[in-house]
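Student: give me the fold of what follows.
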Amino acid sequence: MAISAFVTLGIQFDRDEEMISLIEKASANGEVFKFYAVTIIITLIFLVILIAVILGFYYLIYGILLKRLNGNYKELKKLEV
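Tutor: Next up, the predicted model:
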């Protein structure tokens, strides 16, 4: 996800007309580094939030399934004795 986000961002920096005009404006003001830094930081924040949501769902589903499996395991152990 992170790799594809940064590849897409690189393509957008290179080919998007609107982004190119924003880069040229930032270049004229001498704030190219600031423009790139803000864009990358916003992308990183978005990725962190997205990954946190996906991991939250994963742990929620994993926890529910593990709890059921544990209950089934205990029940099978009782039947074996």
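Student: contact partners for Leu47?
Tutor: Taking C-beta atoms under 8 Å, 6 or more residues apart in numbering as the definition of contact, the neighbours of Leu47 are Met1, Ala2, Ala5. C-beta: built from backbone N, CA, C; applies to glycine.
Student: for the most centrally placed residue in the chain, identify the helix or strand it belongs to.
Tutor: Against the mean C-alpha coordinate of the chain, by C-alpha atoms, centre = their mean, the closest residue is Leu47 at 2.8 Å. Assigned by DSSP states H and E, Leu47 belongs to helix 32-80.
Student: so where is the chain shaky, pLDDT-wise?
Tutor: Along the chain, the model assigns pLDDT under 70 to residues 81.
Student: mind redoing it with 90?
Tutor: With pLDDT under 90 as the threshold, the chain has low-confidence stretches at 1-2, 10, 13-14, 16, 29-30, 35, 63, 79-81.
Student: hmm, back to that, distance of the residue nearest to the centre of the chain from Val38?
Tutor: Here the criterion is C-beta to C-beta, to the nearest Å. By it, Leu47 lies 15 Å from Val38.
Student: got it, and Gly56?
Tutor: With distances defined as C-beta to C-beta, the gap from Gly56 to Val38 amounts to 27 Å.
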